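Colleague: give the three-dimensional model of this entry:
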Amino acid sequence: MTVSSSDHVVKSYDDELRRLTDEIQRMGDLALTELEAAIAAVIERDSDAAERIVQSDAAVDALELEVSQDVIRLLALRQPMARDLREVMAALRIASDIERIGDYAANVAKRAIALNQSAPVRPVYGLPRLGELAADLLREVLAAYHERDADRALLAWARDEELDRLYTSMFRELLTYMMEDPRNITPCTHLLFMAKNIERIGDHATNIAENIYFLVHGTQIAQARRKDDRSASVTESSLPHR
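Modeller: Predicted structure coming up:
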């Protein structure tokens, strides 16, 4: 059977889109590994492991650059339209979100190194639950992207509210510890920054979910994004007294 030149063009184009998807998946897997390793480094007080995580973030940055270059080439040479254009633009946006997730995971690792200069404090054990939930959200949206599953992306998108509630709870607990004993201020401040970085990872995971939904359906998610981060409204009178 003779293969026409147009068949070659279509196959080449499909290969380029597949390459783009594979790059996104590799980026996501790296960022997820960074996040999980950063949380482990905090709990184990392992500064060497934390330093390795900080250094490894360069790999995520390099992949984002590859994605950007591939997107520019596809837009210039292929001039995609409709669903194909959504594929390309979603890849660019998702890559940007994953790069930020990698940055936040590296920030947690940096704070872990600083935290190890202080004596252990009990609130540190609330961080793994927050990290596990953020990692689970990221894992779900990466799977939804791989499968082009808008329903799965929407379910993950809705779970960000749970992460916000958990973050607010930890925020309150950390403030209480700082008020009780000034010696807790430095370690708890590091933990506050870590918790906020993880909460932001959840926000970027929901951005990815929104882009997957748009990629599949060509429309935005109808509901407004629900946020339950109430840390800005926490006052001394609202904190629990021990």
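
Colleague: drop to CA atoms for contacts and neighbour counts, all remaining ones
Modeller: OK.

Colleague: tell me which element the closest residue to Pro123 other than its chain neighbours is part of?
Modeller: Nearest non-adjacent residue to Pro123, counting by Cα to Cα, 6 or more residues apart in numbering: Leu174, 6.6 Å away. Under the criterion of DSSP states H and E, Leu174 resides in helix 160-180.

Colleague: what is that helix packed up against?
Modeller: helix 127-147, helix 185-217 (3 or more Cα pairs under 8 Å, 6 or more residues apart in numbering; DSSP states H and E).

Colleague: any idea how far Leu154 is from the residue nearest to Pro123?
Modeller: 32 Å (Cα to Cα, to the nearest Å).

Colleague: looking at those two, which is more packed in?
Modeller: Leu174 (23 against 19; other Cα atoms under 10 Å).

Colleague: got a list of what the more buried one touches?
Modeller: 123, 188-189, 191-192 (Cα atoms under 8 Å, 6 or more residues apart in numbering).

Colleague: dump these to CSV, plus pLDDT and distance to Tyr167.
Modeller: CSV is the format used below for those (pLDDT from 0 to 100; distance: Cα to Cα, whole Å):
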residue, pLDDT, distance to Tyr167
Pro123, 84, 12
Cys188, 95, 14
Thr189, 96, 14
Leu191, 96, 11
Leu192, 97, 9
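
Colleague: pull out the buried members of these.
Modeller: Those of those that meet the buried threshold are 188-189, 191-192, by 16 or more other Cα atoms under 10 Å.

Colleague: with respect to His204, which of the residues you listed is nearest?
Modeller: Leu192 (18.6 Å; Cα to Cα).

Colleague: so what's the closest one closest to, chain neighbours aside?
Modeller: Phe171 (6.6 Å).

Colleague: from Arg52, how far off is that neighbour?
Modeller: Using Cα to Cα, Phe171 is found at 28 Å from Arg52.

Colleague: now swap in Leu35 and tell me
Modeller: With Cα to Cα as the criterion, Leu35 and Arg52 are 12 Å apart.

Colleague: what's the answer for Arg152, then?
Modeller: Distance from Arg152 to Arg52, by Cα to Cα: 33 Å.

Colleague: the two: which is more packed in?
Modeller: Each of Arg152 and Arg52 has its neighbours counted (other Cα under 10 Å); Arg152 has more, 18 against 15.

Colleague: packing partners of whichever strand or helix holds Asp70?
Modeller: Using DSSP H and E, Asp70 falls within helix 47-77. In terms of contacts (3+ Cα pairs under 8 Å, 6+ apart), helix 47-77 is packed against helix 5-44, helix 82-115.

Colleague: contact partners for Asn197?
Modeller: Contacts of Asn197 (Cα under 8 Å, 6+ apart): 104-105, 107-108.

Colleague: and it, how far is that from Glu210?
Modeller: From Asn197 over to Glu210 (counting by Cα to Cα), the distance is 20 Å.

Colleague: the helix holding Asp70 to helix 82-115, inter-axis angle?
Modeller: 160 degrees (axes from the mean of the first three to the mean of the last three Cα atoms, to 10 degrees).

Colleague: okay, and the helix or strand of this protein with the least pLDDT?
Modeller: Lowest on mean pLDDT, DSSP states H and E among the helices and strands of the chain sits helix 5-44, with a mean of 86.

Colleague: got the angle for it vs helix 185-217?
Modeller: Helix 5-44 and helix 185-217 are oriented at 160 degrees to each other (the same axes, to 10 degrees).

Colleague: quick one: helix 5-44 to chain centroid distance?
Modeller: Here helix 5-44 is found 14 Å from its chain centre; the criterion is Cα atoms, centre = their mean, to the nearest Å.
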